[in-house]
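Novice: Turn this into a structure:
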Amino acid sequence: MKRRHLTPALPECPQSWYLLGPSRMAPGEVRHFDFPQRSLAWYRSNESLPVVVNGHCPHMGVHLKHGTVVKDGLRCPLHHKVIDASCHPTVQSSVMYDMLFAYLGDSPTHGPPQFRSDRPRRFVPGKSIHFEVPWYVPLVNAFDMSHLETIHQRQLTKEPTIQILNPWTYSISYTSHVCGGNWSDRMMAWLSGNEIHIYMACHGGTTLIAETVIGRYKTCMMMGFRPTETGVSLQPFYGIEGNGLRAWWAVRIAKYLFQSFLRKDIQILDGIRFRTDQLNEKDETLRRFLDFLFHLPFIESKEVAI
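Specialist: Presented below is the predicted three-dimensional model:
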């Protein structure tokens, strides 16, 4: 039987929705993000929602991160050409959960990522995290159940349930209890009665959704995976069901617990040379997730060998 390459040679950008960041911007503010194949800029005029455009002026290619908001458009800093929806196509975008999403690729085949419930939630954004690894490595790591048990010290109480809900959504559900003894582990065990129900889903290869039931609290996290020239930038935000002062405090506790969980992976993944030729029966969730990623549509067909 022929083995796979030592590292999956996946293209850099799936055709999907990308989480750009918080949608709340001051009038006149301009932000940008540079993907390997394409740059995006977004700005807010006097309208309530930001507008997303191609990051370079179509005239001579000047980066519009240096542009100035003029009325409803973005003025190029070189020749003062105004880029707006009346004369230039904008990038398809959507605002959900106070976050801005943009679609990269051909016409969207699916909508932006969503949580399973539309119940009222309070959200808080987190700081972006940069990994100097291929974009898919931290994403695959999230579905590594052996890693969950060894590093995060969570013991599965039953076999995970895997579902491929549609061509762009892969999900896994499991229940675990805490074996670790640090402060965040003890807090998690106390809040949950040491029974944590997890639902995770990958949407389009660009977004990871995690929903947890910790005792009486239903928390959630969404993390965008944005490929860069040197690795991947992760943009998270956190939420909890409910409103009011209690929810305000609870979502910040949830943010702390999620961040404590993620912090263990940052140093470990540095310098990784991702292998698939050594996967065994304990890596079934990993193997199936990799198969899902390989079948996604990508912006470019050129493979990137890392």
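
Novice: What segments of the stretch 101-250 of the chain are helices?
Specialist: 136-141, 145-150, 183-192, 244-269 (DSSP state H, counting those that start in this stretch).

Novice: Please identify the most buried of these.
Specialist: helix 136-141 (a mean of 20; mean count of other C-beta atoms under 10 Å). Yep, even glycine has a C-beta here, placed from its N, CA and C like the rest.

Novice: Give the other helices and strands that that one contacts.
Specialist: strand 217-227, strand 232-241, helix 244-269, helix 284-294 (3 or more C-beta pairs under 8 Å, 6 or more residues apart in numbering; DSSP states H and E).

Novice: Contacts for stretch 40-53, please.
Specialist: 20, 23, 25-33, 54-55, 63-65, 67, 69, 71-74, 83-85, 88, 90-93, 95, 100, 102, 104 (C-beta atoms under 8 Å, 6 or more residues apart in numbering).

Novice: hang on, the earlier thing: can the helices and strands packed on helix 136-141 go into JSON lines with extra columns for mean pLDDT?
Specialist: Below are the helices and strands packed on helix 136-141 laid out as JSON lines (pLDDT from 0 to 100):
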{"stretch": "strand 217-227", "mean pLDDT": "93"}
{"stretch": "strand 232-241", "mean pLDDT": "93"}
{"stretch": "helix 244-269", "mean pLDDT": "83"}
{"stretch": "helix 284-294", "mean pLDDT": "88"}
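
Novice: Can you lay out those as JSON lines showing distance to residue 114?
Specialist: Below are the helices and strands packed on helix 136-141 laid out as JSON lines (distance: least, C-beta to C-beta, whole Å):
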{"stretch": "strand 217-227", "distance to residue 114": "9"}
{"stretch": "strand 232-241", "distance to residue 114": "12"}
{"stretch": "helix 244-269", "distance to residue 114": "18"}
{"stretch": "helix 284-294", "distance to residue 114": "19"}
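
Novice: Of those, which is nearest residue 144?
Specialist: helix 284-294 (5.4 Å; C-beta to C-beta).

Novice: which residues touch the closest one?
Specialist: 8, 10, 136, 139-140, 143-145, 160, 162, 164, 170, 172, 202, 205, 276, 279.

Novice: Just to check, residue 205 is in contact with residue 296?
Specialist: Yes. The pair residue 205 / residue 296 is scored as a contact, 4.7 Å apart, by C-beta atoms under 8 Å.

Novice: More neighbours: the two, which one.
Specialist: residue 205 (24 against 19; other C-beta atoms under 10 Å).
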